[in-house]
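Visitor: What follows is a predicted protein model with its sequence.
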Amino acid sequence: MSGEPGPVANAEANAVPAAPPPMPGWKVPLYIAASVMFFLTQGLGLNLAFANLTQIQGTIAATTTESAWLSAAYMAPNVSLAIALVKIRLQYGVRNFAEVSILGFVVASLLNLFVSDLQSAIVVRFLSGIAGAPLSTLGFLYMLEAFEPAKKMTIGVSLAMMNTLLAAPITRLVSPSLLDNGEWRGLYTLEMALALLVMPIIYLLPLTPPPRVKIIVLGDIFSYLLVAIGFGCLAVVLSVGRLYWWLEVPWLGVVLAVGIASLTVAIVTELRRSTPLIDIRWLVQPEILHLTGVLLLYRLIVAEQTSVIMTFYQNAVGLLYDQLALLYWIILAFSVVGGLICTVFMCYGFSWQIQFVALILMGVGSLMDSQVTNLIRPEQMYLSQALVAAGAALFLPPSMSEGFKAALSKGPPYLVTFFVIFTFTQSVGGLIGSAFYGTLIIIREKFHSAVLTERVLLTDPHVAERVSQLSSSYGKVIGDSALLKGEGLALLGSQVSREANMLAYGDAFFVAAAIAFVSLAVLSLHVFVRFVRTRLAESRSQAIASNP
C-alpha cells in the first residue's frame, strides 16, 4: 500500500513575487538526496506495519483480523491531513512547519518501541499517521527546490512521483533482517533512525521561505474536520471491511453512513461559503472529473503490484520476503528506470504519449500474470512485474503535472482543492484498490471452488485413483480403510482449494489487465476526438481568413 499525500510544494515557488537566485550546482544533488530521504522515511513508516501484519501479529497478541486495525488506524488521519497542511504551511512558514513535523515524527517513532499489545499499537499507529503525513510534502518541497521554475513541473514532479514508488519494494527487502533482529521493535528502530537522520536536513538545507499569509479562518477548521471524519471513516471501512465481510457486521454500515454524511455536510457547507476551503464547483468541471477518473484508474491498475502480488506469494504460494528478494529488486530498479525515462520525455513536452506507453506496459504485464498456476515461482514473474513497475512510474507524473498547472492557473488557494483530488485518488484510491481485489479474489475463489468440487465424484475412476494415491502415504499408520479414504479426500479437498485460489488470483490479474486496456482504448478515443476538433477549428479559422 503506497498512497501518499503531499505534492503541493510548488505553491511556495508561485507565491514568491521575485524569483530566487539559481541554486549552486553542488547543492542540487544534496536537495535531491534530501527529498529521497524524506520520501523513504514517510514510505517506510506507512509500509512497515502494512507489509508485515502476519509476522508481527503474534508479538502484539492479535488475530489476523485484529491486526488489520493497525493499517486502519494509520490511514484514518493520514488520508486527509494534506488538505490542511497546505494552508498551515503558508500561514505559519515552511521552517516552523518542517521543525514541528520532524519532531512529531521522531516522537511517534520512539513510541513504537514501547508497544506491547494491540491497543497500544493502534494508538501509536494513529499518532504515526498524523506525524507521517507532512514528510511526503517535505519530500516534494525539497525536490522542487532543487530545480529552476521552468523545470519544476517536468523534472521536479517526475522525480518526486518516482520517489513515492520506492518505499514499497524497499520495505519488503529490509523487513526479513529487521524482523529477525527485533520483531516489531526491529521494524520501528529503523523508522526512528531515519527520523533522526532527516531531522538535521531542515537546518543544513533550508528551503526558500514563501511570504506568510493569514488564510486560515474558523470556517476552514469546521470544513476540514468534516472532511477528515468522512475520509477517516472511508479509510476504516476499506481497510477492515473485507476481513469482517461487508454485509456481515452492522457497525461497518454505521461507519460508512457517518463518513458519507460528514462529506455531504462538508460539500453543502463549502458551496455556501464565499471563500471555501474546497471549491466544489471547480471539482465538478469536466476536465477535473477527467483527471480524477484517470488517477483512480491508475490506483486500480497499480494495486495489482502493490497489493495482489504480495498476498499472492504469501497466501497462495507460501513464500516469504527473503525468497522474493530478487523480484523486489527488479521492481525497485524498473521503478527508477521508468521514472528517469519519464523525466526525459516530459522535458520534451510529451504527455499523453507517455501514458499510452505506460498503459500498454501495465496491461501486458498484468495479462502475463493472469496465467498463474500452482507451479509458478518469482522467476516467472520477473518480466511481467518489471513491465508493471516501469508503467507505474511512467503514468503518474504527466497527470500530476497537468493537475498542478490547472490548480495554479486558478491561483494558490486552489491547491487545497487539488489536494482533495490527489488525497482521495491516491490514499483512499489505494485502499479502494486493495479492498476491490481482495474482495474479488474471495468471491472468485468460492466460485471456482464450487465448480471444481462439482466435478470431484468418487464414481469417477480418475478421482478415485487420485484419492487412493493421496491416501497411500498414510497406509502404514492408518489401518482402517474408511479413515484412510477420508484422509485422501481431505488431501484432495486441499488441492482443489489451492487450485481455486490460483484461478481466483488469475482472475484478479486479468481484471487489472482489462482495466489497463480499456483505459488505453478510452485514451486513444480521447486523443482522436481532440485531434479532430483541433483540425476542424483550424479549418474554420482558415475559411474565415480566406473569406473575410
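Guide: Now that the structure is in, tell me what you want to look at. Numbers count the residues shown, from 1 in each chain.

Visitor: contacts and neighbour counts: CA atoms only from here.
Guide: Fine.

Visitor: which stretches of the stretch 151-300 of the chain form helices?
Guide: In the stretch 151-300 of the chain, the helices defined using DSSP state H, counting those that start in this stretch lie at 157-163, 167-198, 201-204, 218-244, 250-272, 280-283, 286-303.

Visitor: In space, what's closest to T41 - neighbours in sequence excluded?
Guide: Sequence neighbours aside, L194 is the residue nearest to T41 in space, at 5.8 Å (criterion: Cα to Cα, 6 or more residues apart in numbering).

Visitor: Hmm, G43 and the one you found touching each other?
Guide: No. If you go by Cα atoms under 8 Å, L194 and G43 don't touch, sitting 11.0 Å apart.

Visitor: more crowded one of the two?
Guide: Shown here are L194 and G43; by other Cα atoms under 10 Å, G43 has more neighbours (28 against 20).

Visitor: Please identify which helix or strand holds A61.
Guide: For A61, there is no host helix or strand (DSSP states H and E).

Visitor: wait, it sits on Q119?
Guide: No. A61 is not in contact with Q119 according to Cα under 8 Å; the separation is 10.0 Å.

Visitor: Same drill for these two, tell me which one is more crowded.
Guide: Q119 (15 against 12).

Visitor: Does that one fall in a helix, a strand, or a coil region?
Guide: Under DSSP: H, G, I helix; E, B strand; the rest coil, the three-state class of Q119 is helix.

Visitor: quick one, what contacts it?
Guide: For Q119, the contact set (Cα atoms under 8 Å, 6 or more residues apart in numbering) is empty.

Visitor: any idea how far S274 is from it?
Guide: Distance, Q119 to S274, by Cα to Cα, to the nearest Å: 43 Å.

Visitor: and among the helices of the stretch 151-300 of the chain, the most buried is which?
Guide: Most buried of the helices of the stretch 151-300 of the chain, by mean neighbour count (mean count of other Cα atoms under 10 Å): helix 157-163, with a mean of 25.

Visitor: Alpha carbons only: can I get that helix in PDB?
Guide: Only the C-alpha atoms of helix 157-163 are listed here, as PDB (Å, rounded to 0.1, in the frame of the first residue of the first chain):
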ATOM      1  CA  VAL A 157       7.400  16.500 -10.500                       C
ATOM      2  CA  SER A 158       8.600  13.400 -12.300                       C
ATOM      3  CA  LEU A 159      11.400  12.600  -9.900                       C
ATOM      4  CA  ALA A 160       9.100  13.300  -6.900                       C
ATOM      5  CA  MET A 161       6.500  10.900  -8.200                       C
ATOM      6  CA  MET A 162       9.200   8.300  -8.800                       C
ATOM      7  CA  ASN A 163      10.300   8.600  -5.200                       C
END
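
Visitor: So what touches it?
Guide: 35-36, 39-40, 139-140, 143-144, 335-336, 339-340, 342-343, 346, 393, 396-398, 400-401.

Visitor: Among the residues you listed, which ones are in helices?
Guide: Under the assignment DSSP state H, the contacts of helix 157-163 contribute 35-36, 39-40, 139-140, 143-144, 335-336, 339-340, 342-343, 346, 393, 396-398, 400-401 to helices.

Visitor: Make JSON lines out of the helices of the stretch 151-300 of the chain and add mean pLDDT.
Guide: Converted to JSON lines, those look like this (pLDDT from 0 to 100):
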{"stretch": "helix 157-163", "mean pLDDT": "84"}
{"stretch": "helix 167-198", "mean pLDDT": "79"}
{"stretch": "helix 201-204", "mean pLDDT": "81"}
{"stretch": "helix 218-244", "mean pLDDT": "85"}
{"stretch": "helix 250-272", "mean pLDDT": "88"}
{"stretch": "helix 280-283", "mean pLDDT": "78"}
{"stretch": "helix 286-303", "mean pLDDT": "83"}
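
Visitor: In contact with the closest residue to L226 other than its chain neighbours, which residues?
Guide: Using Cα to Cα, 6+ apart and skipping the chain neighbours, the partner closest in space to L226 is S262 (5.2 Å). Contacts of S262 were listed using Cα under 8 Å, 6+ apart, and they are 226-227, 229-230.

Visitor: what would the residues you listed look like in TSV with distance to L53?
Guide: Shown next, in TSV, are the contacts of S262 (distance: Cα to Cα, whole Å):
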residue	distance to L53
L226	30
V227	28
I229	25
G230	26
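
Visitor: ok, which stretches of the chain are strands?
Guide: Under the criterion DSSP state E, the chain contains no strands.

Visitor: how close does S109 sit to A167?
Guide: Counting by Cα to Cα, the gap from S109 to A167 is 17 Å.

Visitor: just to revisit the earlier point, output the helices of the stretch 151-300 of the chain as JSON lines; include the columns distance to L523.
Guide: Formatted as JSON lines, the helices of the stretch 151-300 of the chain follow (distance: least, Cα to Cα, whole Å):
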{"stretch": "helix 157-163", "distance to L523": "21"}
{"stretch": "helix 167-198", "distance to L523": "28"}
{"stretch": "helix 201-204", "distance to L523": "42"}
{"stretch": "helix 218-244", "distance to L523": "29"}
{"stretch": "helix 250-272", "distance to L523": "30"}
{"stretch": "helix 280-283", "distance to L523": "21"}
{"stretch": "helix 286-303", "distance to L523": "10"}
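
Visitor: Out of those, the one nearest L320 is which?
Guide: Set against L320 and scored by Cα to Cα, the helices of the stretch 151-300 of the chain come closest in helix 167-198, at 8.4 Å.

Visitor: how near is G25 to T311?
Guide: Counting by Cα to Cα - G25 and T311 are separated by 44 Å.

Visitor: More neighbours: these two, which one.
Guide: For the pair G25 and T311, the greater number of neighbours falls to T311 (17 against 9), based on other Cα under 10 Å.

Visitor: related to what we said a few turns ago, need the residues touching each of A61 and Q119.
Guide: By Cα under 8 Å, 6+ apart, no residue touches both A61 and Q119.
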